[in-house]
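Visitor: What follows is a protein structure lacking sequence information:
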């Protein structure tokens, strides 16, 4: 399926629907059952239309990883996902993108052993015949303020946008821990919606993992800030229990 298929929503339909959902969620437009259902159906149709391009990208990424020397036995998980409907709506409200231009409705991720491996896979993806890398965001060189690190590639495959994330094993461990805390405590660490003591701990942990990923020996890392953040987090957790 390509974007030119007559069964797909038009750019204008996507824009109007996204704007209507945003206004409805912000209380600027009254909700009506039939309109809500129609808008949800269009978003889900657009979401599903990305499936083929996403699967092809994930298979190609896995093939590249298996081809690279010394990664055949070490390469970690390669996964794919379509963004949940509720997450699409939340992003429409939070960041106000146009629905048809949202870059991460389809996404796949590879967890790799080292930053060197991340760079190797990136360079091979640049040579991929049917995948166009449109934008690169290097959160390793310029980390998110919350501590998040990874390499994000916004790509185009069969006219659809697909986000590719390349993470090290430590970066994946950090991200999974963030998800656990968010799920358990009702936080939103990804968007830095959490008590300062929690945010500081995760920033320090991310920095520690980054130094290890960059080849600094554990014995050479100054852990005083991380230890202080860990102690403060434990005190906070005891008070909150």
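Guide: Received the coordinates, thanks. Predicted model only: the values in this text are computed from it and were never measured.
Visitor: ok, which stretches of this protein are helices?
Guide: Taking DSSP state H as the test, the helices found in the chain are 11-25, 33-49, 51-67, 85-95, 115-126, 169-185, 196-213, 224-240.
Visitor: quick one, what contacts the spatially most central residue of the chain?
Guide: Computing the C-alpha centroid of the chain and ranking residues by C-alpha atoms, centre = their mean puts residue 165 first, at 6.7 Å. By C-beta atoms under 8 Å, 6 or more residues apart in numbering, the contact list for residue 165 reads 107-110, 150-153. (Glycine included, C-beta is placed from N, CA and C.)
Visitor: let's go with 7 Å and repeat that
Guide: Residue 165 makes contact with 107, 109, 150, 152, according to C-beta atoms under 7 Å, 6 or more residues apart in numbering.
Visitor: repeat for residue 25
Guide: Per C-beta under 7 Å, 6+ apart, neighbours of residue 25: 89, 93.
Visitor: measure it to residue 90 for me?
Guide: 9 Å (C-beta to C-beta, to the nearest Å).
Visitor: With residue 182 instead?
Guide: Residue 182 sits 13 Å away from residue 90, taking C-beta to C-beta as the criterion.
Visitor: May I ask which two of the contacts of residue 165 are separated the most?
Guide: Comparing all pairs in the contacts of residue 165 by C-beta to C-beta, the longest separation belongs to 107 and 150, at 11.6 Å.
Visitor: Break the protein into its domains for me.
Guide: Taking automatic domain parsing as the domain assignment, the ranges for the chain are 11-168, 171-240.
Visitor: Comparing those domains by mean pLDDT, which bottoms out?
Guide: Set side by side, the domains of the chain show their lowest mean pLDDT on domain 11-168, which sits at a mean of 91.
Visitor: Can you measure across that one, start residue to end residue?
Guide: Separation of the first and last residues of domain 11-168 by C-alpha to C-alpha, to the nearest Å is 36 Å.
Visitor: still on that earlier bit, residues in a beta bridge with the residue nearest to the centre of the chain, which ones?
Guide: According to DSSP bridges, the residues that bridge with residue 165 are residue 109, residue 152.
Visitor: ok, it to residue 55 distance?
Guide: Applying C-beta to C-beta to residue 165 and residue 55 gives a distance of 16 Å.
Visitor: same question, residue 99
Guide: As for residue 99, its distance to residue 55 is 22 Å (criterion: C-beta to C-beta).
Visitor: got the contacts of residue 165 as CSV, with distance to residue 123 and neighbour count columns?
Guide: Below are the contacts of residue 165 laid out as CSV (distance: C-beta to C-beta, whole Å; neighbours: other C-beta atoms under 10 Å):
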residue, distance to residue 123, neighbour count
107, 20, 22
109, 18, 21
150, 16, 21
152, 16, 18
